[in-house]
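Chemist: Here's my sequence, what's the structure:
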Amino acid sequence: MRPSPFRLLCGAGFLAILSTTMAKNPVLPLFAAHLGAGLEGVGLVSALSPLAGVLVGIPGGLCSDRFGRRGMLLVSSLIFASAPFAYLLVSGVWGLALARFYHGLATGIFMPVAQAAVADAFNAARGEKLGSFSSATLAGRFLAPMLGGAALSLGFPGVYILCGLAGMGAMLLTWKLPTFEGRDEGPRKCRSSLQDSLRDLLASQGILAGCLLEAGILFAYGSFEAFLPIVSQERGYPAWLTGALFSAQVVTVALTRPFFGRFSDRHGRMGQMLCGAALTAAACAAIPFAPGVVSLFVLSMLLGLALSVATSATTAYVADLSSRENRGGAMGLLGAIMDVGHSAGPLTAGLAAAIFGSTGAFAVGAAVLLAVTAWVWTVPGPAKN
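Modeler: Numbers count the residues shown, from 1 in each chain. As a prediction, the model looks like this:
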């Protein structure tokens, strides 16, 4: 039986994110240190992939609006298939940084364009399908560190060859996708210029509200990611237990996101977004006060549930408010602003932790998210659709 385009896209997303995450966790810092990088060098190399995503997310999405989704997905899949082999050629830290930046371009283009393609194809079930696609990529993100860690016994080249095989699988599945633009987009002459599309997106208060709320959620989540290991270490818990706490949170998101996406399709997005954001802030703030391991597990899963409630609605909400002609750009804008929030969270939380301890890190993450949630709640007009 021939798989549907949606299943092909989910399969490509799973393999693509598996490939790029396996190239990062846990091998990247170890490879950087092997090449002679200090702590600063390790941080620089790790930061370049998200930076690439911020730089190309919006242009990649806008180009998909103008030149077609399939073409841009193929461009990103070619990078997914070739980038892992670039790691085999590096002999120094700067070469590794360039390879990581090149790999980051693939994710930066693929995710917003794929989300726009899903949103184009589904109207009534948009939230559910976007949630299912997200769960497929989360599955790749979840399995990657385990596979990458096991492959380290083969040495660094063995890990990156495995990443390359996954990337080539993603490219083959992407190649089988139909030409979305020939079926569901208007004539090229009716499309706006890239500048006009970007201007329209930035002028939409509703789209900006959705993007900023997701950035606030990722700001708080970034604080959780950076400082949960610190809390765990302060209490003397082993590293594997910290990993299990993260796994519980990721699995909760992956299993529940399609359900909450379907819920938002039927009952509206905005209330669900605001409730999910408030619940995320509450779970984040409560982490340092958890009295034991069981309560930490409960809070990690509650945080995963809250993230699922909120983000399953925000992505669909931004897609709802954008037109088909600039939906790729809207998804790129969402991804870029979200990445800024995700990067700013740990930095700000680190400053708060230096003053108030690890409790301050979680508190600042929750406070910023609550402030953004309150602002979005007051935004009039389309934001309340």
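
Chemist: can you list the domain ranges for the protein.
Modeler: Following the TED database, one gets these domains for the chain: 1-176, 194-384.

Chemist: With mean pLDDT added, can I get these in TSV?
Modeler: Supplementary listing: the domains of the chain in TSV, determined by pLDDT from 0 to 100:
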stretch	mean pLDDT
domain 1-176	90
domain 194-384	89
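
Chemist: Format the ones you listed as a markdown table; extra columns: mean neighbour count.
Modeler: For the C-beta atoms, the positions are set from N, CA and C on the backbone; glycine is no exception. Putting the domains of the chain into a markdown table (neighbours: other CB atoms under 10 Å) gives the following:
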| stretch | mean neighbour count |
| --- | --- |
| domain 1-176 | 20 |
| domain 194-384 | 20 |
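
Chemist: I figured Ala220 hits Ala363, correct?
Modeler: No. Judged on CB atoms under 8 Å, Ala220 makes no contact with Ala363 at a distance of 10.3 Å.

Chemist: Export stretch 83-93 to CSV, keeping only CA atoms.
Modeler: Extracted in CSV, the C-alpha atoms of stretch 83-93 (Å, rounded to 0.1, in the frame of the first residue of the first chain):
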residue,chain,number,x,y,z
ALA,A,83,26.1,17.3,6.3
PRO,A,84,26.9,14.2,8.4
PHE,A,85,29.7,13.3,6.0
ALA,A,86,31.2,16.8,6.4
TYR,A,87,32.1,16.0,10.0
LEU,A,88,34.3,13.2,8.7
LEU,A,89,36.5,15.8,6.9
VAL,A,90,37.1,18.2,9.8
SER,A,91,40.4,18.4,11.6
GLY,A,92,39.9,21.4,13.9
VAL,A,93,37.4,23.2,16.0
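
Chemist: Check what contacts that stretch and list those residues.
Modeler: Judged by CB atoms under 8 Å, 6 or more residues apart in numbering, the contacts made with stretch 83-93 from elsewhere in the structure are 19-20, 23, 31-32, 35-37, 41, 44-45, 95-96, 98-99, 102-103, 106, 156-157, 160-161, 163-164, 167.

Chemist: Helices - which of those land there?
Modeler: 19-20, 31-32, 41, 44-45, 95-96, 98-99, 102-103, 106, 156-157, 160-161, 163-164, 167 (DSSP state H).

Chemist: hang on, the earlier thing: any shared contact partners between Ala220 and Ala363?
Modeler: Listed as contacting both Ala220 and Ala363 by CB under 8 Å, 6+ apart is no residue at all.

Chemist: What distance separates the opening and closing residues of stretch 19-26?
Modeler: In terms of CA to CA, to the nearest Å, the two terminal residues of stretch 19-26 are separated by 13 Å.

Chemist: Can you give the contact residues for it?
Modeler: Defining contact as CB under 8 Å, 6+ apart, one finds that stretch 19-26 is touched by 46, 49, 80, 83-84, 87, 100, 103-104, 106-107, 140-141, 144-145, 147-149, 151-152, 159-160, 162-164, 166-167, 170.

Chemist: try 6 Å
Modeler: By CB atoms under 6 Å, 6 or more residues apart in numbering, the residues outside stretch 19-26 that reach it are 80, 84, 103, 107, 141, 144-145, 147-149, 163, 166-167.

Chemist: could you dump these to CSV with distance to Ala277?
Modeler: Compiled in CSV, the contacts of stretch 19-26 are given as follows (distance: CB to CB, whole Å):
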residue, distance to Ala277
Phe80, 32
Pro84, 36
His103, 31
Thr107, 25
Arg141, 22
Ala144, 28
Pro145, 28
Leu147, 33
Gly148, 32
Gly149, 33
Cys163, 34
Ala166, 33
Gly167, 34
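
Chemist: now, which of these sits nearest Phe227?
Modeler: Ranked by distance to Phe227 (CB to CB), those are led by Pro145 at 19.2 Å.

Chemist: so the nearest residue to the closest one once chain neighbours are set aside, which of the three states?
Modeler: Spatial nearest neighbour of Pro145, chain neighbours left out: Asn25 (4.3 Å); criterion: CB to CB, 6 or more residues apart in numbering. Going by DSSP: H, G, I helix; E, B strand; the rest coil, the secondary structure assigned to Asn25 is coil.

Chemist: Could you tell me how far Asn25 is located from Ala316?
Modeler: Distance of Asn25 to Ala316, computed by CB to CB, to the nearest Å: 28 Å.

Chemist: Equivalent analysis for Gln272, please.
Modeler: Spatial separation of Gln272 from Ala316 under the definition CB to CB is 10 Å.

Chemist: Check which helix or strand Gln115 maps to.
Modeler: Take DSSP states H and E as the rule and Gln115 turns out to sit in helix 93-121.

Chemist: could you point out which element follows that helix?
Modeler: helix 126-151.

Chemist: now that next one, how far from the chain's geometric center?
Modeler: Between the centre of helix 126-151 and the centre of its host chain there is 10 Å, according to CA atoms, centre = their mean, to the nearest Å.

Chemist: by contact count, what packs against it?
Modeler: helix 5-22, helix 93-121, helix 156-175, helix 239-267, helix 293-321 (3 or more CB pairs under 6 Å, 6 or more residues apart in numbering; DSSP states H and E).

Chemist: now those helices as TSV including distance to Val376?
Modeler: Putting the helices and strands packed on helix 126-151 into TSV (distance: least, CB to CB, whole Å) gives the following:
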stretch	distance to Val376
helix 5-22	28
helix 93-121	20
helix 156-175	35
helix 239-267	15
helix 293-321	10
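
Chemist: Tell me which of those approaches Ala136 most closely.
Modeler: Taking these one by one with CB to CB, helix 5-22 is closest: 3.9 Å.

Chemist: Cool, thanks, talk later.
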